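Undergrad: Give me a model of this one.
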Amino acid sequence: MCDAISAITVGLKVATAVQDYRSKQAVAKGQQLANAQTQRNSDQAYLNDLSKIDREAVSASREKKAEEFKISQENNKKQAQALNLNAGNGVKIVQDIAGTYDMQFLDVVRDYETDVMKLTGQETEAYSAQQRRYNSIKPVSMPSQTGLLLQVATIGAEGYQEYKKAQAPKPTAGMREPTP
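TA: Residues are numbered from 1 along each chain as shown. Down below sits the predicted model:
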């Protein structure tokens, strides 16, 4: 009877160890799936950020071209008016008006370059945000099959020792145990 209980106990311990391994394995696989989804979401967020930055860059470029065209048209209009009014030396009129509008062109270019620098900074920030999201993903530790085998072997060895103890002859009263 004692042998049967010992065998059942060993069997239950082995089954428990195997089930614990399978449970840890399922949790690890679930975490791997969650990590993969987090990476996909991070990639999508990064692409969305880059798309927004590209739209802003196109908008800044469009604004620059529109402002340059507007300045060019105003320049042409002022020159034509001054020359048509015969207001003096034509060369000086063109130089005066062109100088004023050259400064406006420089202002437009400076503003555009500032926008481009900001957008470049936003791209760097978007990439950094993606890296932070990636770095926040905890690594998954799969349970060890070797650990399971060692645990089962230990349980088996303990069960064998219990069996041997149960099989050993019991000393009777007044008899000494043999010395090994």
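Undergrad: So for the protein, the centremost residue is which one?
TA: With the centre of the chain defined as its mean C-alpha position, the nearest residue by CA atoms, centre = their mean is Y134, 2.2 Å away.
Undergrad: ok, and the closest non-adjacent residue to that residue?
TA: Taking CB to CB, 6 or more residues apart in numbering, and ignoring the residues beside it in sequence, Y134 has S42 as its nearest neighbour in space, at 6.1 Å. Glycine gets a C-beta too; all of them are placed from N, C-alpha and C.
Undergrad: Return the residues in contact with the one you found.
TA: Contact criterion CB atoms under 8 Å, 6 or more residues apart in numbering gives 130, 133-134 as the residues in contact with S42.
Undergrad: So it, which state does it fall into?
TA: Three states are possible here, and by DSSP: H, G, I helix; E, B strand; the rest coil the one that applies to S42 is helix.
Undergrad: Distance-wise, check it relative to L106.
TA: Per CB to CB, to the nearest Å, S42 is found 41 Å from L106.
Undergrad: do the same with A129
TA: From A129 over to L106 the distance is 35 Å, taken as CB to CB.
Undergrad: Between these two, which has more neighbouring residues?
TA: When A129 and L106 are compared for neighbours, A129 comes out ahead with 14 against 10, by other CB atoms under 10 Å.
Undergrad: Which element, helix or strand, includes that one?
TA: A129 belongs to helix 90-135 when assigned by DSSP states H and E.
Undergrad: Could you report the pLDDT at the residue nearest to Y134?
TA: According to the model's per-residue confidence, S42 sits at a pLDDT of 91.
Undergrad: Over to S128?
TA: Per-residue pLDDT puts S128 at 90.
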